[in-house]
Structure formats: structure tokens, C-alpha cells
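# Here is the input, now give the coordinates:
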Amino acid sequence: MPNTTKANEYPGLTRSRGSRFTRRQFLKLALSAGVVLIGGCAAGEGGGSGEDQDLIATGETVYAQNCARCHGSEGTGSGGDFPPLAGSDVVTGDPESVIEIIVDGQGSMPAFGDELDDEEIAAAASYIRNTWGNDAGVVDPAAVEALR
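Predicted coordinates:
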């Protein structure tokens with residue numbers, strides 16, 4: 001098959017109508033995609049390592065099994081006894097406070113330190129710190145272990 005690529009076209013990439021991208025168009029496209037990806041990661045949209053995402057996914061399950069009946073599936077809470085977690089300064093503040101509350105309980109909230117292991121507590125804390133508009137980073141299971 002003869003090479004029909006012109007000197008200023010990028011080989012191998014074609015547009016939907018069959019014409020090829022020029023090198024300049026390809027570079028613009030690649031740079032635009034890179035800016036979008038970097039911008040999204042910086043804004044907390046899909047960023048984070050795969051391990052962080054796995055921890056948060058595990059946290060969703062732990063939360064659903066242990067926390068949602070009082071704090072709600074959307075983190076909106078239920079009355080004064082179980083405050084909302086969405087938009088909470090306590091949740092998005094010092095991670096040690098969140099760990100201590102989960103481990104030891106507080107007010108009407110029972111302690112989960114004897115029921116959940118370090119990984120599960122870190123996962124639940126990471127989930128609530130990164131869901132419902134919260135953007136506060138993940139909690140390392142080693143931090144949970146250090147605070148027990």
C-alpha cells in the first residue's frame with residue numbers, strides 16, 4: 001500500500017470524515033487533552049492514585065454497612081444526633097479527629113474501633129472526606145494504627 005501521508009499530516013490519525021490531522025492540529029489536540037487531564041487532577045476530579053481510589057471504593061462499602069443508617073446515604077445526617085458529613089468542617093479538617101471519632105465514638109455515635117480494622121476505618125474516613133463535595137484527601141491505614 002503506498003504512503004499517501006502528506007508532509008504536514010500526522011500518520012495514523014484520521015478525523016471522522018476521513019481526512020488526516022496535520023501535525024499542528026495533533027499537537028493542539030494533545031496539549032489540550034493534557035491540560036484537561038492535569039486540571040482535572042488538580043481539582044480533585046478523578047485524580048489520586050489507583051490505591052487511593054480503591055481505598056475510597058472500599059470506604060463506600062464500609063460506610064453503607066455501618067454509617068449510612070444514621071448519617072444517610074448522601075451524608076446529610078438525621079437530626080441533631082447524627083450530623084451531616086457533607087460539607088462538614090470536622091470531616092474535611094484534621095484527619096486525626098475523624099479517625100478518633102470513628103474509633104472511639106462521640107455523642108450518640110457508637111465506637112467502631114472494636115468492629116473495624118485499620119484499613120476499614122481508613123477507608124470509611126477516606127470515603128467521607130472525598131464524597132458529597134468534600135475534597136480532603138485520603139487517610140492512611142498507618143495513621144489509624146498510630147492513633148489506636
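
# in the one helix or strand Gln53 maps to, what's buried?
Applying DSSP states H and E as the criterion places Gln53 in helix 50-66. For helix 50-66, a neighbour-count test (16 or more other CB atoms under 10 Å) marks 55-56, 58-60, 62-63, 66 as buried. Every C-beta, even on glycine, is put in place using the N, C-alpha and C of the backbone.

# what's it packed up against?
Using 3 or more CB pairs under 8 Å, 6 or more residues apart in numbering; DSSP states H and E as the contact test, the elements touching helix 50-66 are helix 118-129.

# who touches the helix it packs on?
The contact list for helix 118-129, computed with CB atoms under 8 Å, 6 or more residues apart in numbering, reads 52, 55-56, 58-63, 66-67, 75, 85, 91-92, 95, 98-99, 102-103, 112-113, 116, 134, 136-145, 148.

# and that helix with helix 50-66, angle?
90 degrees (axes from the mean of the first three to the mean of the last three CA atoms, to 10 degrees).

# Restricting to C-alpha, output helix 118-129 in PDB.
Output in PDB follows, covering the C-alpha atoms of helix 118-129 (Å, rounded to 0.1, in the frame of the first residue of the first chain):
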ATOM      1  CA  ASP A 118      -7.300  -0.100  60.500                       C
ATOM      2  CA  GLU A 119      -7.900  -0.500  56.700                       C
ATOM      3  CA  GLU A 120     -11.700  -0.300  57.100                       C
ATOM      4  CA  ILE A 121     -11.500   2.800  59.300                       C
ATOM      5  CA  ALA A 122      -9.100   4.500  56.900                       C
ATOM      6  CA  ALA A 123     -11.300   3.600  54.000                       C
ATOM      7  CA  ALA A 124     -14.500   4.900  55.700                       C
ATOM      8  CA  ALA A 125     -12.700   8.100  56.700                       C
ATOM      9  CA  SER A 126     -11.300   8.500  53.200                       C
ATOM     10  CA  TYR A 127     -14.700   8.000  51.600                       C
ATOM     11  CA  ILE A 128     -16.500  10.600  53.700                       C
ATOM     12  CA  ARG A 129     -13.600  13.100  53.200                       C
END
